[in-house]
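# Predicted structure and sequence below. I'll ask about it afterward.
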Amino acid sequence: MSSGKLVLFSGPSGVGKDTLLEVLAKKRPSLQRSISLTTRQRRAGETDGVDYFFVSPEHFQELLSNGDVLEFAQYGTNLYGTPKKPVDKWLREGKTVILKIEVQGAEKIMRMYPQALSVFIMPPSMEVLEQRLRERGTEDEEDLRRRMQIAREEIRKSREYDYIIVNDSLERAADEFLTILDETAKQ
Ligand code: 5GP
């Protein structure tokens, strides 16, 4: 039986989920963030085992067949998945575990764990989102267009989430997230 809390943290690419998670880790060090598997190429500045476990498509398939993946989804041309064992262990230890996942994966987890708390991080506008993605400069034009298209689909599904937080200011958004976490813990 699990006694911890699972938190789904979604939002379009470029909305600032990673920066927000860094702020949250400082404000609330007890939060446990799950590190996902991905078949995508490592970006400059990313570290294997910290940002993601970067794996080959073959290794990903092997982990899937062994039942080691809690959920997975295709995003663009790559696969992303949550390693199962660490999440099970953290939940058994009573921790609050954050899964930074896109909407298809989040929908699966909502069905598997109806008690999970789901939060969607919304950009202040589509213009700001595109500008942030361009400034990040990590994607080529085709990937950027694909990410903006996926963003529009994801935003349409944001109503399936328990809470929507607009990332207009990092500090404010982080504090809103922590308030939600604390309020739902009391229920
Ligand atoms: P990026 O390539 O920008 O790091 O991630 C692309 C998308 O994949 C983001 O929306 C991110 O939240 C999502 N993602 C990252 N890890 C996982 C995972 O383990 N499962 C699922 N379903 N999505 C993930």
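That came through, no problem.
# Look up the pLDDT of residue 137 for me, please.
Note on residue 137: pLDDT of 84.
# how near is it to the ligand?
13 Å (CB to the nearest ligand atom, to the nearest Å). Using the backbone N, CA and C atoms, a C-beta is placed for each residue, glycine as well.
# Backbone dihedrals for the nearest residue to residue 177 once chain neighbours are set aside, please?
Nearest residue to residue 177, sequence neighbours excluded (CB to CB, 6 or more residues apart in numbering): residue 165, at 6.0 Å. Main-chain dihedrals, residue 165, degrees, to the nearest 10: phi -120, psi 130.
# Pull the contacting residues for the residue most central in space within the chain.
What sits nearest the mean C-alpha location of the chain, by CA atoms, centre = their mean, is residue 100, with 1.4 Å. Shown in contact with residue 100 (CB atoms under 8 Å, 6 or more residues apart in numbering): 9, 10, 17, 18, 21, 33, 34, 36.
# Confirm for me that the residue nearest to residue 177 is in contact with residue 122.
Yes. Using CB atoms under 8 Å, residue 165 is in contact with residue 122, at 6.8 Å.
# quick one: the strands in this structure?
Counting by DSSP state E, the chain has strands at residues 5-10, 32-33, 37-38, 53-54, 69-75, 78-83, 96-100, 117-122, 163-166.
# The longest one and the ligand in contact?
Yes. Between strand 69-75 and the ligand, judged by CB under 6 Å from any ligand atom, the touching residues are 71, 73, 75.
# And that strand, how far out from the chain middle?
11 Å (CA atoms, centre = their mean, to the nearest Å).
# Check which helices and strands that strand sits against.
Applying 3 or more CB pairs under 8 Å, 6 or more residues apart in numbering; DSSP states H and E, one finds that strand 69-75 contacts helix 57-65, strand 78-83, helix 84-92, helix 103-112.
# In space, what's closest to residue 157 - neighbours in sequence excluded?
Spatial nearest neighbour of residue 157, chain neighbours left out: residue 103 (4.8 Å); criterion: CB to CB, 6+ apart.
# The nearest residue to residue 158 once chain neighbours are set aside: how many residues sit nearby?
Excluding its sequence neighbours, the residue lying closest to residue 158 (CB to CB, 6+ apart) is residue 120, at 4.2 Å. By the criterion of other CB atoms under 10 Å, residue 120 has 24 neighbours.
# Over to the one 4 residues further on?
Here the neighbour count serves as a burial measure; for residue 124 (other CB under 10 Å) it reads 13.
# what do you get for residue 109?
Residues within reach of residue 109, counting by other CB under 10 Å, total 20.
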